[in-house]
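Asks: Sharing a model that was predicted from the sequence below.
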Amino acid sequence: MWRRTTLLSSLMPSSKASLLHQMQAAYGLKIWGAFSTEVLKPAKGRIPPREKPPFITFVLGGPGSGKGTQCAKIVETFGFTHLSAGDLLRKEISSNSENGAMILNMIKEGKIVPSDMTVKLIQRAIESSENDKFLIDGFPRSEENRQTYERIVGEEPNVVLFFDCPEEEMVKRVLSRNQGRVDDNIDTMRKRLEVFTSLNLPVINYYSEKGKLYKIRAVGTEDEIFEQVHPIFAAFEVLK
Ligand SMILES: Nc1ncnc2c1ncn2[C@@H]1O[C@H](COP(=O)(O)OP(=O)(O)OP(=O)(O)O)[C@@H](O)[C@H]1O
Ligand SMILES: O=c1ccn([C@@H]2O[C@H](COP(=O)(O)O)[C@@H](O)[C@H]2O)c(=O)[nH]1
Ligand SMILES: [Mg+2]
């Protein structure tokens with residue numbers, strides 16, 4: 001669903017917009033190509049529609065495994081846009097959105113926020129960016145998250161990274177992170193680790209079976225870990 005169809009229809013004469021909506025209903029949302037030549041002139045300030053789906057990398061791993069740290073390095077070296085699902089949810093809390101209080105409670109409890117909420121935040125962030133490659137950090141956290149993403153967005157990720165880190169190391173890192181996060185305490189950390197084992201790991205196994213998973217041994221210095229990450233993206237750059 002990278003077709004920005006709402007935006008698209010608002011740029012069209014009403015007869016075309018209505019035709020677009022009828023075709024959406026009849027054929028689902030895979031009809032973007034049919035209209036793309038008509039809307040290549042974006043209105044001022046609007047982001048032009050994409051000609052092809054963006055390159056999506058899901059970045060998975062337990063709490064404190066170093067996902068955000070490595071994403072910053074990938075951004076710097078390969079020009080991706082980093083979207084941390086947790087950061088998007090924290091922004092919802094600080095923007096006083098109607099769901100803010102509920103999201104805050106879920107995060108304090110280490111629980112997974114309803115999938116459609118997270119997927120919409122991710123989708124909105126992708127659609128409002130002109131970049132064509134994204135790191136989606138900390139999502140999907142459950143099979144239900146994954147299926148909701150596929151249903152709403154209509155695409156699978158191109159690559160999935162898994163930062164595999166021993167529990168004691170993750171606990172040590174989280175408890176010394178010092179960024180004022182409400183969930184960086186031992187009680188919530190225990191719950192997050194439980195959720196990781198019971199709900200995140202099945203997603204990781206799913207992508208492993210699909211041949212999309214790159215497992216990174218997430219111990220050692222940040223640079224040592226990035227040495228494992230670098231060749232993965234370098235290979236995709238060559239293939240482009
Ligand atoms: N290789 C490393 N060695 C030691 N500390 C690290 C390493 N990588 C990251 N850290 C530190 O560990 C903490 C957690 O890292 P980071 O925030 O990147 O993890 P995360 O996987 O994004 O965690 P969360 O899922 O909780 O958001 C940070 O304080 C970070 O500076
Ligand atoms: O897809 C997601 C991502 C995050 N959450 C909630 O946010 C916290 C913190 O996430 P980090 O990735 O560690 O920043 C997580 O424990 C969940 O409560 C979510 O529900 N769905
Ligand atoms: Mg993080």
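Replies: Noted; the coordinates are in hand. Ligands and ions are numbered 1, 2, ... in the order given.
Asks: element containing the residue positioned nearest the centre of the chain?
Replies: Among the residues of the chain, the one closest to the centroid is Ile136, at 2.6 Å (C-alpha atoms, centre = their mean). Take DSSP states H and E as the rule and Ile136 turns out to sit in strand 133-137.
Asks: Hey, what's the angle from the helix or strand just after that strand to strand 133-137? Just curious.
Replies: As assigned by DSSP H and E, the chain's next helix or strand after strand 133-137 is helix 143-153. Orientation of helix 143-153 against strand 133-137 (axes from the mean of the first three to the mean of the last three C-alpha atoms, to 10 degrees) gives an angle of 150 degrees.
Asks: For helix 143-153, name the packing helices and strands.
Replies: With contacts taken as 3 or more C-beta pairs under 8 Å, 6 or more residues apart in numbering; DSSP states H and E, helix 143-153 sits against helix 115-127, helix 201-209. Where you see a C-beta, it was placed from the backbone N, CA and C, and this is true even at glycine.
Asks: Return the helix or strand in this protein with minimum mean pLDDT.
Replies: When the helices and strands of the chain are compared on mean pLDDT, DSSP states H and E, helix 32-36 comes out lowest with a mean of 35.
Asks: For ligand 2, what's its nearest residue on this structure.
Replies: Gly86 (2.1 Å; C-beta to the nearest ligand atom).
Asks: Up against ligand 1, what does the protein have?
Replies: 61, 63-69, 86, 138, 173-174, 177, 221-222, 225 (C-beta under 6 Å from any ligand atom).
Asks: Mind checking which of those land in strands?
Replies: Among these, the members found in strands (DSSP state E) are Gly61.
Asks: By neighbour count, which of the residues of the chain next to ligand 1 wins?
Replies: Ser65 (27 neighbours; other C-beta atoms under 10 Å).
Asks: For that one, give me its contacts.
Replies: By C-beta atoms under 8 Å, 6 or more residues apart in numbering, the contact set of Ser65 is 163-165, 170, 218.
Asks: Same check on His230?
Replies: By C-beta under 8 Å, 6+ apart, the neighbours of His230 are Thr77.
Asks: Report the buried residues of the host helix or strand of it.
Replies: Following DSSP H and E, one finds His230 within helix 222-239. In terms of neighbour count (16 or more other C-beta atoms under 10 Å), helix 222-239 has its buried residues at 225-226, 228-229, 233.
Asks: how far off helix 222-239 does the strand holding Ile136 point, in degrees?
Replies: Calculated by the same axes, to 10 degrees, strand 133-137 forms an angle of 140 degrees with helix 222-239.
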